[in-house]
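Participant: mind looking at a prediction? Sequence and model below.
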Amino acid sequence: MKHLLGVEELSREQMDRILARAESFAEVGRRDIKKVPTLRGRTIVNLFYEASTRTLSSFELAAKRLSADVVSVKSGGSSVDKGESLKDTVATLSAYDPAAIVIRSPHAGAAGLVARWTEASVINAGDGKHEHPTQALLDVFTLRQRLDSLEGTSIWIVGDVLHSRVARSCLLAFQKMGAKVTLAGPPTLIPRAVEALGCEVSYDLDDLGEADVVYALRMQRERMSESFVPSLREYATRYQIDSRRLGPRQLLMHPGPVNRGVELADEVIDSPQSLITAQVESGLVVRMAILYELLAGSDRARPERGPAPADTPTIGQPA
Amino acid sequence: MSVTANGSDGGGEAPKLVGRAGPAANLIIRGARLLDPRGGLDAPRDLVVRDGEIAEIAEPGGAPEIEGAEVVEGEGLLALPGFVDPHVHLRVPGQEHKEDLETGTRSAAAGGYCAVIAMANTSPPIDSAAVLGSVRDRAEREASIPIGFVANVTRGMAGQELSEMAELSEAGAIGFSDDGLPIADARVLRRALQYQRLAGGVIALHEEDPDLSSGGVMNEGAVSAALGMAGVPEVSESTMIARDCSLALYEGARVHVQHLSARKSVEEIAHAKALDVQVSCEASPHHLTLTDEAVRSLDARFKMNPPLRTEDDRQALIDGLRDGTVDCVATDHAPHAAEEKEVPFEEAAWGVTGLETAFAALHTELVLPGVLPLEVLVERLTCGGEPFGIEAPRLEVGAVANVAVIDPELTWTVGEDGYESRSYNNCFGGRELTGRVLMTVAAGRVAFRQRSFALGVAS
């Protein structure tokens, strides 16, 4: 496996291997010294064209725990803002001979393009509203810690499916793990013909009780000005997950950040059924596992360069 | 009006087609299969072109030797009337980094075209007699096949005020179009249709309701749902066709609907034609051979407006082309520089080139599998000028020579030898197609000859 561009391209076997690897990194995370030397001397570039707190920090920390050198390039203040094309930016960053480029872009297919333009392994950290495969993998990992298997479970993904890359990747990942997926939300925010992906569609939450897992999506305020929903109030009335709608045996997930009082009521966020914090923890170990799977097994070690000295300064690495 | 280099209407107006002068062709094409559906001609013949005119059509071996004439051994080849494309973007003035009149007409000639009609969404747009005059002057120097230029319906293509259509018509505009953009305001279109009684000239319409299509980058359907990209629904096209056909009927005006993409649109045209609306329409080789499944690759070469739609839509376009609901094939040749296409799909420029592959793509995908008879394809490729008053070229004695010589069995890989166009955003690039244009005679002159296609010269 050279790149991770989408769940679409992943086989069940590849997913199982990444999840098993993540288990072993979870054990590392319980040690006092949480760092392993696996990727010592290798460089990982995070190229982020969208603001991101949790995905970026999670990737940075994952790389550091594997002893890689990390450069994070964000759209603010870099050539990314100076009109340089993605292709040229990738060529520039590739000159550092990175082992991997982690890319977040507002445009579908950006990660696939980068993979064509660089020798490095490419990890899609979100491309437009298309895919967010590392999120989907960490969500599967989180669920498997609770449920052992997703085979035959019912998972409802609730909210703004139309604008959600998380929904698309999770749908594919949950299905590949054997779950039955229902997409629920306002008709204006469910893509036309999405049933072709093999899921159920519901415009109300009347049958939410059948779900083993309720996965709420973030509802963005600008959707109201675009006439997708009349008001957040009406949205919350119909689609908010609260203690009335969430049964005691149902698990609750959310990709974050949460709009409290919109898609989720306060009381369910901190309830014992909520896996939201566990998802963040999983993010770290799953991203370590992905980096390991793409890089540690590869033959791109460059013995002629020798190991990098431990005190090599790295660009952009926070002190 | 026939396809000639600087053919005049006979009246005081400027000729509608302009191209570079050059030596008149003298050649003999021996034993090629001559196919001219309009004349009921489909047989091996010798075709003699003398001083740029078709001088003789003889039984094979029956053509006389003519001193100095080039001899084409045509056995196994097709000789067709030259094609006419009612919809190309030659990017002059203002975007010569994508295409210019020389590369654009060379690209057209390489596809068997003997005339093209250039759209006016240039920079600046062709909305005044001054700009129109300047591009026509350039065409007289640079165009290897005749070009007809449409002018904008509205000033600056802004869709608000009419351009000086009467003056533009006198200055040589072959018709009017704001192609690239719809005329969203029904009131403005209605005024233009009324004004046609004075100015003449068909109004060619890019049909798209911007309120419905806004933000979309591909067909709305199962594929856009899977890719998470915003869709352009088919109704953004078909509702505008319905509106504009009603307006044309009400005003007794003539309209030409550009680049149909959807079944619903074909149905609207059929309905309008049944009501005797003066409407014609076109479909592109890419809409006739590809679907939105191609967009799964996220390759920006498959991004064009209107977008590739579903297999059901494609079948409706093919049926329409067969039964004549769709009058002609138009490439909507839309060259773009590499840096405008080597970006994420959503960011990429709209449009694909198509002049060099139109015949080969349709021949490979529709004729060879038996979906569309060759003579129907030839008819639809040659009659593209008719909505604009340009007669379809004919293979008959006395006609100006407009001939495409094609090897129908030659299989080639698109793009492996580069393109004649300045741009290479061709959606068939890398694919093997069968049928290749070897030589094109346009307006009585040899406009293109495949490099590997050696010609004998009679002693």
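Facilitator: Yep, that arrived. Numbers count the residues shown, from 1 in each chain, chains lettered A, B, ... in the order given.

Participant: hmm, who's touching the worst-scoring helix or strand of chain A on mean pLDDT?
Facilitator: The helix or strand of chain A with the poorest confidence is helix A:222-225; it has a mean of 74 (mean pLDDT, DSSP states H and E). Here helix A:222-225 makes contact (Cβ atoms under 8 Å, 6 or more residues apart in numbering or on different chains) with A:160, A:163, A:189, A:229-232. Every residue, glycine included, has its C-beta placed from N, CA and C.

Participant: only whichever of these are buried, select them in PyMOL.
Facilitator: Listed next is the PyMOL selection for buried residues among these, using 16 or more other Cβ atoms under 10 Å in any protein chain shown:
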select buried, chain A and resi 160+163+189+229+232
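
Participant: just give me the closest of the contacts of helix A:222-225 to A:L5.
Facilitator: Among those, A:H163 lies closest to A:L5 (Cβ to Cβ), at 20.2 Å.

Participant: spatially nearest residue to the closest one (excluding sequence neighbours)?
Facilitator: Closest residue to A:H163 apart from its sequence neighbours, by Cβ to Cβ, 6 or more residues apart in numbering or on different chains: A:K129 at 5.5 Å.

Participant: the one you found: what's it in contact with?
Facilitator: A:K129 neighbours (Cβ under 8 Å, 6+ apart): A:108, A:162-165, A:168, B:228-229.

Participant: of all these, which comes closest to B:P344?
Facilitator: Closest approach to B:P344 among the contacts of A:K129 (Cβ to Cβ): A:A108, at 6.5 Å.

Participant: surely A:V214 is within a strand?
Facilitator: Yes - under DSSP: H, G, I helix; E, B strand; the rest coil, A:V214 falls within a strand.

Participant: quick one: pLDDT of it?
Facilitator: Looking at A:V214, its pLDDT reads 98.

Participant: over to A:A308?
Facilitator: Looking at A:A308, its pLDDT reads 43.

Participant: look at the closest residue to B:A399 other than its chain neighbours and report its pLDDT.
Facilitator: Take B:A399 and drop its neighbours on the chain: the residue closest to it by Cβ to Cβ, 6+ apart is B:I54, 5.1 Å away. For B:I54, the pLDDT comes out at 97.

Participant: ok, B:I54 touching B:D46?
Facilitator: No - using Cβ atoms under 8 Å, B:I54 is not in contact with B:D46; the gap is 11.3 Å.

Participant: roughly how far apart are the closest residue to chain B within the stretch 201-319 of chain A and B:A184?
Facilitator: Closest approach between the stretch 201-319 of chain A and chain B, counting by Cβ to the nearest Cβ: A:E226, at 9.2 Å. Separation of A:E226 from B:A184 (Cβ to Cβ, to the nearest Å): 19 Å.

Participant: next, the residue nearest to B:L249 when sequence neighbours are not counted: phi, psi?
Facilitator: Closest residue to B:L249 in three dimensions, ignoring its sequence neighbours and counting by Cβ to Cβ, 6+ apart: B:V277, at 4.6 Å. Dihedral pair for B:V277: phi -70, psi 140, per degrees, to the nearest 10.

Participant: what sits against B:V277?
Facilitator: B:245, B:248-249, B:255.

Participant: of those residues, which belong to helices?
Facilitator: Those of those mapping onto helices are B:245, B:248-249, per DSSP state H.

Participant: what is the burial count for the closest residue to A:A265 other than its chain neighbours?
Facilitator: Counting by Cβ to Cβ, 6+ apart, A:A265 lies nearest to A:D242, which is 3.5 Å off, once chain neighbours are set aside. A:D242 has 13 neighbours, counted by other Cβ atoms under 10 Å in any protein chain shown.

Participant: before we move on, what about A:E210?
Facilitator: Applying other Cβ under 10 Å, we find 11 residues neighbouring A:E210.

Participant: hang on, it packs against A:T153?
Facilitator: No - the pair A:E210 / A:T153 is not scored as a contact, 10.5 Å apart, by Cβ under 8 Å.

Participant: where does B:D319 land in three-state SS?
Facilitator: Assignment for B:D319 (three-state DSSP): helix.

Participant: could you dump stretch B:375-394 to CSV, C-alpha only?
Facilitator: Output of stretch B:375-394 as CSV, limited to C-alpha atoms (Å, rounded to 0.1, in the frame of the first residue of the first chain):
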residue,chain,number,x,y,z
GLU,B,375,-24.4,7.9,-43.7
VAL,B,376,-26.4,9.4,-40.8
LEU,B,377,-23.2,10.4,-39.1
VAL,B,378,-21.8,12.0,-42.3
GLU,B,379,-25.1,13.9,-42.7
ARG,B,380,-25.0,15.2,-39.1
LEU,B,381,-21.3,16.2,-39.3
THR,B,382,-21.7,18.1,-42.6
CYS,B,383,-25.0,20.0,-42.0
GLY,B,384,-23.8,22.0,-38.9
GLY,B,385,-23.7,25.2,-40.8
GLU,B,386,-27.4,25.1,-41.9
PRO,B,387,-28.8,26.8,-38.8
PHE,B,388,-26.5,29.7,-39.7
GLY,B,389,-27.4,29.7,-43.4
ILE,B,390,-24.4,27.7,-44.6
GLU,B,391,-25.3,24.8,-47.0
ALA,B,392,-23.9,21.4,-46.3
PRO,B,393,-21.0,20.7,-48.6
ARG,B,394,-21.7,18.3,-51.4
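
Participant: tell me the contacts of the residue nearest to A:A265?
Facilitator: Contacts of A:D242 (Cβ under 8 Å, 6+ apart): A:264-265, A:267-268.

Participant: closest one of the contacts of A:K129 to B:G39?
Facilitator: Nearest member of the contacts of A:K129 to B:G39, counting by Cβ to Cβ, is B:M229, at 47.7 Å.

Participant: and that closest one, what does it touch?
Facilitator: B:M229 is in contact with A:108, A:128-130, B:217-218, B:295, B:345-346, counting by Cβ under 8 Å, 6+ apart.

Participant: keep only those of those that are in strands.
Facilitator: Judged by DSSP state E, the subset of the contacts of B:M229 located in strands is B:M218.

Participant: can you count the residues close to residue 266?
Facilitator: Using chain A here. 12.

Participant: should've been chain B
Facilitator: 26.

Participant: okay, and the helix or strand of chain B with the least pLDDT?
Facilitator: Per mean pLDDT, DSSP H and E, strand B:456-457 ranks last in chain B, at a mean of 50.

Participant: identify the residue nearest B:L247 in space, chain neighbours excluded?
Facilitator: Nearest to B:L247 is B:R190, by Cβ to Cβ, 6+ apart, at 5.5 Å.

Participant: am I right that B:M119 is in contact with B:H89?
Facilitator: Yes - with contact taken as Cβ under 8 Å, B:M119 and B:H89 are classed as touching, separated by 5.2 Å.

Participant: does chain B sit close to stretch A:38-52?
Facilitator: No - judged by Cβ under 8 Å from any Cβ of the partner chain, stretch A:38-52 stays clear of chain B, getting no closer than 9.9 Å.

Participant: end-to-end on that stretch?
Facilitator: 26 Å (Cα to Cα, to the nearest Å).
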